[in-house]
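Peer 1: Sequence below, structure please.
(4 chains)
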Amino acid sequence: MIRILLLLIPFILFAQKPKILLLKVYKDQNITGWVMSEKLDGIRAYWDGKHLISRGGKIIHAPKWFTKDYPPFPIDGELWSKRGDFENVSSIVRDKTPSDKWREITHNIFEVPNAKGGLFKRLAKVKPYVGKYIKIIKQIPIKNKKQMQNFLHQVESKGGEGIVVRDPKAPYINK
DNA sequence: TGTCTCGTGTCGGGTAGCTGG
DNA sequence: CCAGCTACCC
DNA sequence: GACACGAGACA
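Peer 2: Numbering: from 1, shown residues only, chains lettered A, B, ... in the order given. Okay, the predicted model is just below:
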């Protein structure tokens, strides 16, 4: 129906590799008190503390210098460059022998697996590591439905894919 | 019974990688 | 080097 | 990801 996506509260565990949370289509639930962010159209990448792993569990060969300052704990986000550049990002990121084009890429974090507390507290753990390549996706508190619709239209007008809304109080459950 | 939701399966545009000629 | 097919991304 | 279907849940 609508092009808004809702983050699954209890999420699904992937076959073996990454424990990834998936998105559901926004229905019409109470989202007051929730947060929203732009849904970036890039490549999902999970950092397990040592390697970047794709949604399907494949290792993403990033240059040494790209992951040099990554944290020792897991973080999850989207490899992205700019709007409407998915094919390019896909190409860069999936190259087995990484090129200098990785300079264009940023890893936009939206989750910190295994961390305690609500979303903001978890994301705060990443702050010391934010730099040229690691970014934290801005989470905007939702005041009401209208404000959310405005944000969605704003994102779409800029060529964005949609927005993600989620409950910041929900902990990251590790099943 | 009709409607809505959710899980599963298939297909598609596009690129990387492997192999054989 | 190139065509054809598989594997992955969303 | 986009669709198409079918099994369940619900009123």
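
Peer 1: element containing the closest residue to DNA strand C within chain A, please.
Peer 2: Taking CB to the nearest atom of the strand, DNA strand C has its nearest neighbour within chain A at residue A:56, 2.7 Å off. All C-beta atoms are positioned from the backbone trio N, CA, C, and that covers glycine. Using DSSP states H and E, residue A:56 falls within no helix or strand.

Peer 1: now swap in residue A:65 and tell me
Peer 2: Assigned by DSSP H and E, residue A:65 falls in helix A:64-67.

Peer 1: Identify the residues contacting that helix?
Peer 2: A:47, A:52, A:98, A:102, A:105, A:133 (CB atoms under 8 Å, 6 or more residues apart in numbering).

Peer 1: which of those residues tops the neighbour count?
Peer 2: residue A:47 (25 neighbours; other CB atoms under 10 Å).

Peer 1: picking up where we left off before, which of the contacts of helix A:64-67 fall in strands?
Peer 2: A:47, A:52 (DSSP state E).

Peer 1: Quick check: the gap between the residue of chain A closest to DNA strand C and residue A:45.
Peer 2: 11 Å (CB to CB, to the nearest Å).

Peer 1: Tell me which of these two has more neighbours.
Peer 2: Neighbour count, other CB under 10 Å: between residue A:56 and residue A:45, residue A:45 has more, with 24 against 11.

Peer 1: Just say helix, strand or coil for the more buried one.
Peer 2: Under DSSP: H, G, I helix; E, B strand; the rest coil, residue A:45 falls in the strand class.

Peer 1: is it true that it touches residue A:60?
Peer 2: Yes. Counting by CB atoms under 8 Å, residue A:45 touches residue A:60, with 5.8 Å between them.
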